[in-house]
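J.: Any chance you can model this:
(chains A and B)
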Amino acid sequence: MYRFAAVLGAVIAVAMPSLYDAHAATAQENYRLYCTQCHGITGNGHGINADGLAVSARDHSSAIEMSKLTDEELRLAITKGGEAVTKSELMPPWAQVLRANEIDELVVHLRKLCKCVAAK
Amino acid sequence: MMHNRLLTVAWGALTLIVAAGSEVVALDGKAVFAERCASCHNATGPAPASLEGVLERKAPDLFYAGSKFNLDWLEQWIQSPSPIRRSGVMFLNHVITEGGKDRINEDTIKACPSKLNAEEAGSVTEYLMALKDPKMRTGVISRDKKFSMAQALRLFTKQYPCIGCHTVKVKENETGGISGPSLTDAGARLNPDWVYARIMDPQYWDPKTWMPKIELSHEKRETLTLFVVSPK
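T.: The predicted structure follows:
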């Protein structure tokens, strides 16, 4: 009986994430939907909302700007918003919209956009 | 079979009696909507759950119209629509990048073609106003409650990112971002209880909306709501 439950559990554990992933959005999709409105289609900080932002959105394509930031800071800024990293509150928090693994994937995506590595 | 026939006859008789009772036979708002509006607007739900679905959506969802709008505004607006969303229904369908800067190509934005006459508008409004979200709390916001404009502006433009995506009037000047609807006439348009609920949980109404869900105390959310519905 226990053995059966364990096997069943394992089967579910293997099947679930793949079922889930079939509908999960990729980092590119999430970036397009949630981030480009301010950070721009190319990530350069000139999105359609630029005129409404008193503080410019970070240029994610700039290796110089982005290599000053650690991956942990990127994660924190996306999760809890600009305020959590003592930057502008115009950068919104996304913890209640994106799952932790989606935010991790966005950090990886940002490193591709800037073609740079994290500050140590 | 027999039963059905009987029912049909009974219905017919009933309809006749009701129709004869009222002076004019009212237009069926649901039928007008099905013919003239449903090709673009979703009045049955649910909202799209994927990015592709959001990109394909032609017009705002109306399946909770009765919770969202003020009746008077709705009845007027569908007789002569004016623009609400400066970046279209979905900005990604209208954005172009020129010289490294994004902008909205206004030529690609289609206006709502609803030009109903007064009688049609009355019946469609009646139909739409009956589409209410059963779970939304009502009686939360009393529109006339006093609030501090200075605090509201601080919340909307500094402490939270609202201004980044929404245009509002600040001291007679329109300012703000455009990826969300303009809120300059939100008081006439939107039901205050819905505004409160929409700020509280944007993804409840539209799972793939690009507005973030932000933690706020009841007091702050109430102040933001009163601010949003103050201009008319």
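
J.: residue ranges for the helices of chain A, please.
T.: Taking DSSP state H to define them, one finds helices in chain A at A:2-23, A:27-30, A:36-39, A:63-66, A:71-80, A:100-114.

J.: so what's residue B:199 closest to, chain neighbours aside?
T.: Spatial nearest neighbour of residue B:199, excluding adjacent residues (C-beta to C-beta, 6 or more residues apart in numbering or on different chains): residue B:221 at 5.6 Å. (Glycine included, C-beta is placed from N, CA and C.)

J.: which parts of chain B sit against chain A?
T.: Within chain B, the positions lying close to chain A (C-beta under 8 Å from any C-beta of the partner chain) are B:49-51, B:54, B:87, B:91-92, B:95, B:97, B:100-104, B:157-161, B:163-165, B:167, B:175-179, B:203, B:208, B:210, B:212-215.

J.: Quick check, the residue in chain B closest to chain A?
T.: Closest contact between chain B and chain A, by C-beta to the nearest C-beta, is at residue B:177 (3.3 Å).

J.: contacting residues for that residue?
T.: A:37, A:38, A:48, A:49, A:51, A:52, A:53, B:163, B:164, B:165, B:166, B:167 (C-beta atoms under 8 Å, 6 or more residues apart in numbering or on different chains).

J.: Pull out the buried members of those.
T.: Among those, the ones that count as buried by 16 or more other C-beta atoms under 10 Å in any protein chain shown are A:37, A:38, A:48, A:49, A:52, A:53, B:163, B:164, B:165, B:166, B:167.

J.: hang on, isn't the first one packed against residue A:47?
T.: What that stands for is residue A:37. Yes - here residue A:37 lies in contact with residue A:47, judged by C-beta atoms under 8 Å, at a distance of 5.3 Å.

J.: Now list whatever residues contact both of those two.
T.: Common neighbours of residue A:37 and residue A:47 (C-beta under 8 Å, 6+ apart) are residue B:179.

J.: Buried residues, stretch A:57-67. List them.
T.: For stretch A:57-67, by 16+ other C-beta under 10 Å, it's A:57, A:58, A:59, A:60, A:61, A:62, A:66.

J.: Low-confidence ranges, the chain, go.
T.: I'll assume chain A. Counting by pLDDT under 70, the ranges of chain A that qualify are A:1-23.

J.: Actually, chain B is the one I wanted.
T.: B:1-25, B:232.

J.: Name the nearest residue to the residue nearest to the spatial centre of chain B, sequence neighbours excluded.
T.: Nearest residue to the geometric centre of chain B (C-alpha atoms, centre = their mean): residue B:68, 5.4 Å. Once flanking residues are discounted, residue B:68 sits nearest to residue B:194: 4.8 Å by C-beta to C-beta, 6+ apart.

J.: what sits against the closest residue to residue A:96 other than its chain neighbours?
T.: Sequence neighbours aside, residue B:213 is the residue nearest to residue A:96 in space, at 3.9 Å (criterion: C-beta to C-beta, 6+ apart). Remark: with contacts taken as C-beta under 8 Å, 6+ apart, residue B:213 is in contact with A:96, A:97, B:201, B:202, B:203.
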